[in-house]
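Student: With the input below, show me the fold.
(chains A, B, C, D, E and F)
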Protein chains: 6
Amino acid sequence: MRILLANANTTEAITELCAAAARGTASPGTVIVPATPRFGPAVISTRAENAIASHAVLDLLAGYATGEDRVDAVLLAVSHDTALEAARQLMPCPVLGMTEAACLTACMLGARFGLVTLGGVEMYSELMARHGLATRCAGLEGVDATPPQALEDPEGVAAKVGAAIARLVSQGADSVVLGGAALAGMEERLRRDASVPLLEGIACGVRLAEMLVRMAPGKPATGAMAAPRGRGSIGLSPALAALLQGPPG
Amino acid sequence: MRILLANANTTEAITELCAAAARGTASPGTVIVPATPRFGPAVISTRAENAIASHAVLDLLAGYATGEDRVDAVLLAVSHDTALEAARQLMPCPVLGMTEAACLTACMLGARFGLVTLGGVEMYSELMARHGLATRCAGLEGVDATPPQALEDPEGVAAKVGAAIARLVSQGADSVVLGGAALAGMEERLRRDASVPLLEGIACGVRLAEMLVRMAPGKPATGAMAAPRGRGSIGLSPALAALLQGPPG
Amino acid sequence: MRILLANANTTEAITELCAAAARGTASPGTVIVPATPRFGPAVISTRAENAIASHAVLDLLAGYATGEDRVDAVLLAVSHDTALEAARQLMPCPVLGMTEAACLTACMLGARFGLVTLGGVEMYSELMARHGLATRCAGLEGVDATPPQALEDPEGVAAKVGAAIARLVSQGADSVVLGGAALAGMEERLRRDASVPLLEGIACGVRLAEMLVRMAPGKPATGAMAAPRGRGSIGLSPALAALLQGPPG
Amino acid sequence: MRILLANANTTEAITELCAAAARGTASPGTVIVPATPRFGPAVISTRAENAIASHAVLDLLAGYATGEDRVDAVLLAVSHDTALEAARQLMPCPVLGMTEAACLTACMLGARFGLVTLGGVEMYSELMARHGLATRCAGLEGVDATPPQALEDPEGVAAKVGAAIARLVSQGADSVVLGGAALAGMEERLRRDASVPLLEGIACGVRLAEMLVRMAPGKPATGAMAAPRGRGSIGLSPALAALLQGPPG
Amino acid sequence: MRILLANANTTEAITELCAAAARGTASPGTVIVPATPRFGPAVISTRAENAIASHAVLDLLAGYATGEDRVDAVLLAVSHDTALEAARQLMPCPVLGMTEAACLTACMLGARFGLVTLGGVEMYSELMARHGLATRCAGLEGVDATPPQALEDPEGVAAKVGAAIARLVSQGADSVVLGGAALAGMEERLRRDASVPLLEGIACGVRLAEMLVRMAPGKPATGAMAAPRGRGSIGLSPALAALLQGPPG
Amino acid sequence: MRILLANANTTEAITELCAAAARGTASPGTVIVPATPRFGPAVISTRAENAIASHAVLDLLAGYATGEDRVDAVLLAVSHDTALEAARQLMPCPVLGMTEAACLTACMLGARFGLVTLGGVEMYSELMARHGLATRCAGLEGVDATPPQALEDPEGVAAKVGAAIARLVSQGADSVVLGGAALAGMEERLRRDASVPLLEGIACGVRLAEMLVRMAPGKPATGAMAAPRGRGSIGLSPALAALLQGPPG
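Tutor: Residues are numbered from 1 along each chain as shown, chains lettered A, B, ... in the order given. As a prediction, the model looks like this:
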């Protein structure tokens, strides 16, 4: 089984980090195929960057939809689940977002979950609404620290994150989603002190992707999630243009 | 890995049916342990029966929480997800409900899903709200037929169910959950005509249970999902009373 | 008129306490019939206990549905409104929950109400959603104290509860529901300092039960609240099994 | 006990009709005091009329707030619950609206209720949202008939209303609220055919008002429901102006 | 173009203040027609006053619906948007509320807005729900100060308001609505320190009213917003009674 | 004043059509600057196309953010309001979406609006949720016809659209938004038969854009809508990359 681990921003180091995490989780026999878009923001942290990356990630995915490089599933390795629904419509295989995967896993473990991230929480708040999971979300905590700071002072930032996790638990979270790749590195340290399960999106996503591939539920043939067909375009990569066009006949 | 397939009503034939479905889906190495409560309603179809069965299913689960019979996960083989949150709190291992499992799987496949069942939909409507999935649910269709009728006239009932599935698709469902064991038998026939994926709870639940066991996210040590401790009771089975009491010390 | 005051846990002292409160409120001519389940948790404080008590309380109620012991109404003397909707379906007479009764009374007094209780608020938060009253609820306050502490240090705990009431008022509560029997004892003391009405569930419930008995609105003959009919079971008390089976013919 | 039965429109015949219904329901010892505003719309059926009648009904109530004519409770005999929250703030005694009373009673009888009325349902839909009861409401049915037609052809209109009730039951209503005085007359006929309880607002409201008077929960001293104090005005009736001004000192 | 600037309370000084603000914003050629009700509360700050003023403002508007004084649009110069929907139904021209206008403008500038006011926020919270804008509202802040205090100590009160604005921004507000005329005076001072746009209702309302007049979208001829027709009344001003009655024939 | 009329798909004929409509509505002195992306889907009708166009439209806008071509406002001439929030964050000037503009205008005219379009309504349903306007939307009607059919058989398609409008009115719509450029052509014909105002997005958007430019509310300096600053990227157009990077210093 081949799972495309698709970053939506252009920083290859993040792709590599996520790919390592994915390989650490994947079942024997699962091949993790890391991929980075050929254009777009270095790191997505605003609405504008997310909108640009929506195209970038579909452009990337199109290369793995058919032919030799065809994959069996896609995991979007970006905490904003960039273009998730569009990718799901476009691709012939299952597509998962890493934050979606962690949140749905959290739904299987308790009544409500929290989410902690570095920086602001506005985009995560919209993401919960977009996924229809607002009533399952006990709270969002944005820790006042940047990813570079997390690398420089991991102990200090982990202490802040740990305090945020405790606040989420006191608000009723039965588990906590770690939002963003920057927290993945301190997962073990956080887990020592947390009184509830911590969920990391790559690990959840790889396992759910494997499950969907084995289950093979198929794809809608009609409706808003059916693959595009006969849609014309200009200036797109040949692979993406071909996917919009669909099979001849 | 041992997965308890726990019916919440006392009709063993349904347990067997679900166990067969579970075994058809389970990975090699997974042992399906079917179990039926020792008391309670024959078939749950009303609120009163569901409330009685809440105790019956916990009574059943308690026998598999520790010791030799200990299981690695529980799948509730009852479409009402009877006592799901309570079982999740009580047991030391992951617990899934079959309708919950199908709905969460549906969330990974499209924007919204529908649910079709035989009989009334009121209890399913409450279930969607209880799971916080109302905004992901495009509609509920209750087909005017009973499980016995489904056995007597499978073609006729399947035609009605197929029409209900088509209505759900026209309301925006990207996939359709088959609610209740009675529909499991006609799954293949339904799939031939359906234009979107059909999701059956036992199949989804076994796969998600396997995934959670492998992931081993742990259990909350504090909060409303933490295991009971020091809770006294009278007149319960020794195993259930012991679970409420928790470990000594 | 006979009103069954049905505890859902097995601590008779709580039943007696609630019965005394009920008698203090009841109209002349109303007979309060206290009753305690023959099995189940000593005190319900977790989801698992609540699920077990769902059966216990229906088992208890069944003995008062018909025949000599038949009552005219039921008041569930448990702050979690355990198995309320199931009891309402099962019984031929009106059934009220004590927290529901206090909240509906609160709706008649102002725009929004608050609720204060000892311990965690997660289960009350779900109860508000279950009753569809979330938009009428200005806030929930869980006071960090146990019922035994409330008995040992009533002044100290009452001070904490009073502070919680004041916080709820500042959040917009026009009245405050006292959640749980442990607060009933300190009602008078709390009332002295509170700037809004305080509502206690037993008092509200007895009055509303009397009102429903006098009004005699009847019971649904069809739909999800109609009495069970022809539902088989095993291992239940004869009275409960008979209620599920319904009248012959 | 004196209950003011306050119409919000100026058609005395409706006041009389409602007063007769109220007297038929009231306990011995309860005096029903009917009252009709001295200005305003003949019959409220639009937003503009409802807004005008908001003043008219408060003007009316003010005459019964203090002094000899002081009442113990108010029941607004108008299906739009006109100025209910304002009246509740203004008056020193409990105030109920007839549709609110019927809906809250319905909440004690089942999971969801329906509402049927003559004419459009837009204003009732807003009323459900205003009362925070939208999730408890299974549906609203507006029958295409006017109150005069109901008087001319009671059988024909009752048949339409009965069909609407049946539709609400099939949508999951466990009881049905009769919205508007025009349906009160055909209540008995409707009850014969209905499979669920029918609730009429005056009957529910009188009983709930009696209950609140006996319970004497008091009135908020602070917050948005506290009585006005020191509020100046011009051109209002002396009684209303005095209530806004509050007690001296 | 003539825009009626209709106060809903009877303090002419407020009308003048708002009229000056309106004139400062209006396009050349727009005539601002200030008007104050002939009866009602001096300043609306409670539900009871708002209900009385509902009639007062419709009474006022009726004088400008037809004939020589006919205006082209109405802006309600009262922060509670008193009787807005009723006025919209009643009048033949566009009607806007000042808080509604500011909130809808805020919707064009960002994802969510906050609102700051002097005093309590309960009525504004209900207003957000009434306008269906609750999900666009990041928070409401009530500053502990009265309008007279704002006049006496503008610097001190402005500091408090500025702090409240900063809190709203930290809660995710992309702009902040200034609720109530009392804040209009300190707008410039507040704007110096605010990091997001501040929106004042009169300015927004005048501009939106001009836009609607130029667009001339017409008025619904059917449904709940259609002008009243054939509605009888007693004791109302001739102009208001005539509007309820509608044109002859 | 210069308003950029930015199509999000690459069919210049649609840009021209919308530009003509915009010019027909614009005030004297307003210059409409039509623009079409240099890459992307011909016509957006699926999620995948919308995600690709998100980048295309930001790429287009970036050319008008600064320098000689700088515009004073942007109107997105695409009924899906593609990348609206991202464009709002990115650009230094006000940005409006055509469907958003029509819906907000509808909010000023009545309690609820409907929306009619050719084809499916799933994406519009998500758009209403994204704009937080679901409670203001009485219904969505998708007419079974394609834009080419609308050109071939305008009378026939207009009849279908008219019937859909009537259905929306019967569901409580006080006005109806015409979704998509294909309906703009038949606006006049539709208006003849409609009993409520019809709102077309280009007309509403041009007027609201003019209003915002005149009001000059400014742009958030902090928070999730503040302009990007210091955001690196690769492979983007120089103008777009520069906007993400922000001003030096």
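Student: helix, strand or coil for A:T117?
Tutor: The assignment at A:T117 comes out as strand when based on DSSP: H, G, I helix; E, B strand; the rest coil.
Student: I figured it hits A:G180, correct?
Tutor: Yes: with contact defined as C-beta atoms under 8 Å, A:T117 reaches A:G180; the gap is 5.0 Å. Backbone N, C-alpha and C define where each C-beta goes, glycine included.
Student: Name the residues contacting each of these two.
Tutor: A:S79 (C-beta atoms under 8 Å, 6 or more residues apart in numbering or on different chains).
Student: wait, what's in contact with A:P147?
Tutor: A:V43, A:L118, A:G180, A:A181, A:A182.
Student: Surely the first one and A:N9 touch.
Tutor: So that's A:V43. Yes: counting by C-beta under 8 Å, A:V43 does reach A:N9; the two are 5.3 Å apart.
Student: neighbour count winner among those two?
Tutor: Ranked by neighbour count (other C-beta atoms under 10 Å in any protein chain shown), A:V43 and A:N9 place A:N9 first, with 28 against 19.
Student: what ranges do the helices span in chain A?
Tutor: A:12-25, A:47-62, A:84-90, A:98-107, A:122-130, A:147-152, A:154-170, A:187-193, A:201-215, A:238-245 (DSSP state H).
Student: Using CSV, please lay out those together with mean pLDDT.
Tutor: Putting the helices of chain A into CSV (pLDDT from 0 to 100) gives the following:
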stretch, mean pLDDT
helix A:12-25, 95
helix A:47-62, 98
helix A:84-90, 98
helix A:98-107, 98
helix A:122-130, 94
helix A:147-152, 85
helix A:154-170, 95
helix A:187-193, 91
helix A:201-215, 97
helix A:238-245, 98
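Student: distance of whatever residue of chain A ends up closest to chain D from F:T222?
Tutor: Closest residue of chain A to chain D, C-beta to the nearest C-beta: A:T135 (12.1 Å). From A:T135 across to F:T222, the span is 29 Å (C-beta to C-beta, to the nearest Å).
Student: out of the two, which sits in the busier spot?
Tutor: A:T135 (18 against 14).
Student: contacting residues around the closest residue in space to that one that isn't next to it in sequence?
Tutor: Leaving out its chain neighbours, the residue that sits closest to A:T135 by C-beta to C-beta, 6 or more residues apart in numbering or on different chains is B:G132, at 3.9 Å. Contact partners of B:G132, counting by C-beta under 8 Å, 6+ apart, are A:C107, A:G132, A:L133, A:A134, A:T135, A:R136.
Student: out of the contacts of A:P147, who's nearest chain F?
Tutor: For the contacts of A:P147, the nearest to chain F is A:V43 (7.6 Å; C-beta to the nearest C-beta).
Student: any idea how far that closest one lies from A:N7?
Tutor: Distance from A:V43 to A:N7, by C-beta to C-beta: 10 Å.
Student: what is in contact with those two at once?
Tutor: Shared contacts of A:V43 and A:N7, counting by C-beta under 8 Å, 6+ apart, come down to A:I14.
Student: wait, doesn't A:L168 sit right on A:S175?
Tutor: No: between A:L168 and A:S175 there is no contact under C-beta under 8 Å: 9.2 Å.
Student: Just the pLDDT for A:G249.
Tutor: Confidence at A:G249, expressed as pLDDT, is 61.
Student: Domain map for chain A?
Tutor: Recorded structural domains for chain A (assignment: the TED database) are A:2-98+A:204-245, A:99-200.
Student: Return the residues in contact with the residue nearest to A:G142 when sequence neighbours are not counted.
Tutor: Nearest residue to A:G142 in three dimensions, chain neighbours excluded: A:V121, at 4.1 Å (C-beta to C-beta, 6+ apart). Residues in contact with A:V121 (C-beta under 8 Å, 6+ apart) are A:L115, A:L140, A:E141, A:G142, E:G172.
Student: which one of those residues sits closest to A:A102?
Tutor: Comparing the contacts of A:V121 against A:A102 with C-beta to C-beta places A:L115 closest, at 8.2 Å.
Student: That closest one bridge partners, please.
Tutor: Counting by DSSP bridges, A:L115 forms beta bridges with A:L140, A:V177.
Student: got the contact list for stretch A:225-242?
Tutor: By C-beta under 8 Å, 6+ apart, stretch A:225-242 touches A:58-59, A:62-63, A:65, A:85, A:88-90, A:92, A:219-220, A:243-247, B:109-111, B:174, B:196, F:10, F:38-43, F:45-49, F:52.
Student: And the residue nearest the centre of chain A?
Tutor: A:M98 (2.5 Å; C-alpha atoms, centre = their mean).
Student: if I look at that one, how far off is chain B?
Tutor: Look at A:M98 and chain B: by C-beta to the nearest C-beta, to the nearest Å, they are 12 Å apart.
Student: Repeat that for A:L236.
Tutor: A:L236 is 24 Å from chain B, where distance means C-beta to the nearest C-beta.
Student: now A:C93
Tutor: Distance, A:C93 to chain B, by C-beta to the nearest C-beta: 11 Å.
Student: Name the nearest residue to A:G172, ignoring sequence neighbours.
Tutor: A:G172 sits nearest to A:A138 (C-beta to C-beta, 6+ apart), 4.4 Å away.
Student: The one you found contacts A:A173, correct?
Tutor: Yes: between A:A138 and A:A173 a contact is recorded at 4.2 Å, counting by C-beta under 8 Å.
Student: Could you tell me which residues touch both of the two?
Tutor: In contact with both A:A138 and A:A173: A:R112, A:F113, A:G114, using C-beta under 8 Å, 6+ apart.
Student: Tabulate those residues in TSV, adding columns for neighbour count, pLDDT and distance to chain D.
Tutor: Shown next, in TSV, are the shared contacts of A:A138 and A:A173 (neighbours: other C-beta atoms under 10 Å in any protein chain shown; pLDDT from 0 to 100; distance: C-beta to the nearest C-beta, whole Å):
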residue	neighbour count	pLDDT	distance to chain D
A:R112	25	97	19
A:F113	28	98	23
A:G114	25	98	25
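Student: count of residues packed around the closest residue to chain C within chain A?
Tutor: Of all residues in chain A, A:G172 sits closest to chain C, at 5.1 Å by C-beta to the nearest C-beta. For A:G172, the neighbour count with other C-beta under 10 Å is 21.
Student: do the one 10 residues further on as well
Tutor: Burial measure for A:A182: 25 neighbouring residues, criterion other C-beta under 10 Å.
Student: Name the nearest residue to it, ignoring sequence neighbours.
Tutor: A:P147 (3.9 Å).
Student: The residue nearest to the centre of chain A and chain E, how far apart?
Tutor: A:M98 is 23 Å from chain E, by C-beta to the nearest C-beta.
Student: so what's that residue closest to, chain neighbours aside?
Tutor: Closest residue in space to A:M98, ignoring its immediate chain neighbours: A:G201 at 3.0 Å, by C-beta to C-beta, 6+ apart.
Student: thinking again about what came up before, please identify which of A:L168 and A:S175 sits among more neighbours.
Tutor: Applying other C-beta under 10 Å to A:L168 and A:S175 shows that A:S175 carries more neighbours, namely 31 against 26.
Student: quick revisit: now do the residue of chain A closest to chain C, the pLDDT please.
Tutor: 95.
Student: For A:M215, give me its contacts.
Tutor: B:T105, B:A203, B:C204, B:R207.
Student: rerun at 6 Å
Tutor: Neighbour list for A:M215: B:R207 [criterion: C-beta atoms under 6 Å, 6 or more residues apart in numbering or on different chains].
Student: ditto for the one 5 residues further on
Tutor: Residues in contact with A:P220, defined by C-beta under 6 Å, 6+ apart, are A:A226, B:D174, B:V196.
Student: Pick the one among these closest to E:E126.
Tutor: Nearest member of those to E:E126, counting by C-beta to C-beta, is B:D174, at 36.9 Å.
Student: What is the neighbour count of that closest one?
Tutor: Count around B:D174 with other C-beta under 10 Å applied: 29.
Student: for A:R23, same thing?
Tutor: 15.
Student: same check, this time on the one 10 residues further on
Tutor: Neighbours of A:V33 under the rule other C-beta under 10 Å: 17.
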